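1. quick one, what's the 3D model for this:
(chains A, B, C and D)
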2 protein chains.
Amino acid sequence: MLSLTDRQRQILDWIRQETERSGRPPTRAELAAALGFRSINAAEEHLRALARKGAIRLIPGSARGIQLPGEAAGETGLWVVGRVAAGQPILAREHLTVRHPIDPRMFRPAADYLLTVSGESMRDAGILDGDLLAVHKSPEAREGQIVVARLGDEVTVKRFSRRQDAVWLLPENPAYQPIVVHPGDELVIEGIGVGVLRLGT
Amino acid sequence: MLSLTDRQRQILDWIRQETERSGRPPTRAELAAALGFRSINAAEEHLRALARKGAIRLIPGSARGIQLPGEAAGETGLWVVGRVAAGQPILAREHLTVRHPIDPRMFRPAADYLLTVSGESMRDAGILDGDLLAVHKSPEAREGQIVVARLGDEVTVKRFSRRQDAVWLLPENPAYQPIVVHPGDELVIEGIGVGVLRLGT
DNA sequence: CCGCATACTGTATAAATTTACAGTATGTTA
DNA sequence: TAACATACTGTAAATTTATACAGTATGCGG
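-> Alright, predicted model coming up:
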């Protein structure tokens, strides 16, 4: 997307706000009135500029035909990743099951998807079987973070720790054993846990 | 809101879906086309009926002037209720701190607000200190449900149980004692827990 | 200095959209 | 059984809205 001028950014912000407030995009006349233009055409040309720069999409010949990226279609929200099959990328289409209308930016850093946790290995961290773990995609992790790790074919959620040369994946449940990953083993960090969502208690 | 007919509910559902999909409410013609009406007026009259019953609001003389309740303004999302002061209703304005953009209907039954949990008394139910409990307002609870209860001045989250005459509020942590509430004691059930949200792990 | 993008005013028109009115048919309520 | 809501078809305005065209002014890169 090409860079916007200050004025164009102001106008885009107003359109966002107004769409959120009223539940529908504004007309050219409404835009002009709100921004203080005496000519409707000023609004039209700003919209053209924004569309040219890819900041919005205009639907020709349609009332209030302004599309804000992410606003329409199923672009917002977080997908729940289901069972991950062996050897396949975690975000493959087939694994996406349900989409929940949650703002990814609610988490820090922002979440990329939700992973259904199975098993009790993280019980004492308050992550139970069936919980949805909000995951931020990342190929690396820092000490003590909760990570989504792939060991060969299996995807697991554990606490990350590095000791000497080896990486330890620590469960939060005394009934489970830590997993020691030696250099050369097939360990891939898929992401870090940034939150938990439980539907039903 | 007056009760809708099956057909009206179908139409309302379609309007919701379409508004979500396209980012703006449909026109009468679009509605008619989608529902298979050969007359635009069929759409008009359905909208009138829905408006009359309070299911939508129509903005006269305005293109795509259909407002879905909760869609406009800041009506969506869930408020986080902070510290609840003695004797005050839990949803008093002063307690509302942050609003999170989460669909309340994601929970069953739908959540009315989020309550910041303090203390470790529900640890073994996977509800930790600082977690946000999604609460459905309800003056009563069933056996085994997690409830938000008010005992005199204090608001507490516990598992609900009824034994003979008394109500037992059970913690999920052996370090805590159950609370026995005898008939005549000041117990108010504020709501039931319908989910958990943890920002950060 | 020229061409071009930005940032507007002002006018006009075609097309999209709302909305009123005239019907038909069916089922429900008083 | 009459009144009324539901659920449509069909036609016709009136109004909203998008969009083209003609200008003015400013700043920027070549």
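2. what's in contact with stretch A:32-48?
-> Here stretch A:32-48 makes contact (C-beta atoms under 8 Å, 6 or more residues apart in numbering or on different chains) with A:7-8, A:10-11, A:14, A:18, A:26, A:28-29, A:31, A:56, A:58, A:66. Just so you know, the C-beta spots here come from the backbone N, C-alpha and C atoms, and that holds for glycine as well.
3. show me those residues that map onto helices.
-> A:Arg7, A:Gln8, A:Gln10, A:Ile11, A:Trp14, A:Glu18, A:Arg28, A:Ala29, A:Leu31 (DSSP state H).
4. wait, the second one touches A:Ala49, no?
-> So the one you mean is A:Gln8. Yes: with contact defined as C-beta atoms under 8 Å, A:Gln8 counts as touching A:Ala49 (6.0 Å).
5. quickly list the domain ranges of chain A.
-> A:6-67, A:78-197 (automatic domain parsing).
6. returning to that earlier point: which one of the ones in helices among the contacts of stretch A:32-48 is nearest to B:Val80?
-> B:Val80 has its nearest neighbour among the ones in helices among the contacts of stretch A:32-48 in A:Glu18, at 26.2 Å by C-beta to C-beta.
7. for that closest one, which non-adjacent residue is closest in space?
-> Sequence neighbours aside, A:Pro26 is the residue nearest to A:Glu18 in space, at 5.0 Å (criterion: C-beta to C-beta, 6 or more residues apart in numbering or on different chains).
8. quick revisit: just the buried ones from the contacts of stretch A:32-48, in ChimeraX syntax?
-> For the buried members of the contacts of stretch A:32-48, the matching ChimeraX selection, counting by 16 or more other C-beta atoms under 10 Å in any protein chain shown, is:
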select /A:8,11,18,26,28,31,56,58,66
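9. so which of the contacts of stretch A:32-48 comes closest to B:Leu115?
-> For those, the nearest to B:Leu115 is A:Glu18 (32.6 Å; C-beta to C-beta).
10. list the residue ranges of chain A that fall below the pLDDT cut-off.
-> For chain A, the stretches flagged by pLDDT under 70 are A:1-2, A:71-75, A:83-97.
11. 90 instead, please
-> In the predicted model, chain A carries pLDDT under 90 at residues A:1-5, A:20, A:69-79, A:81-103, A:105, A:116-119, A:150-155, A:164-165, A:183-186, A:200-201.
12. for A:Asp103, which non-adjacent residue is spatially closest?
-> Closest to A:Asp103 by C-beta to C-beta, 6+ apart is B:Pro101, at 4.2 Å.
13. for the one you found, which residues are in contact?
-> Contacts of B:Pro101 (C-beta under 8 Å, 6+ apart): A:Ile102, A:Asp103, A:Met106, B:Thr76, B:Gly77.
14. on that earlier part again, ok, the residue nearest to A:Glu18 to B:Thr76 distance?
-> 19 Å (C-beta to C-beta, to the nearest Å).
15. what number of residues lie near the residue lying closest to A:Ala110 once chain neighbours are set aside?
-> Residue nearest to A:Ala110 in three dimensions, not counting chain neighbours: A:Pro104, with 4.7 Å by C-beta to C-beta, 6+ apart. Look at A:Pro104: counted by other C-beta atoms under 10 Å in any protein chain shown, it has 18 neighbours.
16. what is the neighbour count of A:Leu35?
-> Based on other C-beta under 10 Å, the number of other residues close to A:Leu35 is 14.
17. now swap in A:Trp79 and tell me
-> The number of residues near A:Trp79, taken as other C-beta under 10 Å, comes to 18.
18. pretty sure it sits against A:Arg99.
-> Yes: using C-beta under 8 Å, A:Trp79 makes contact with A:Arg99 at a distance of 5.2 Å.
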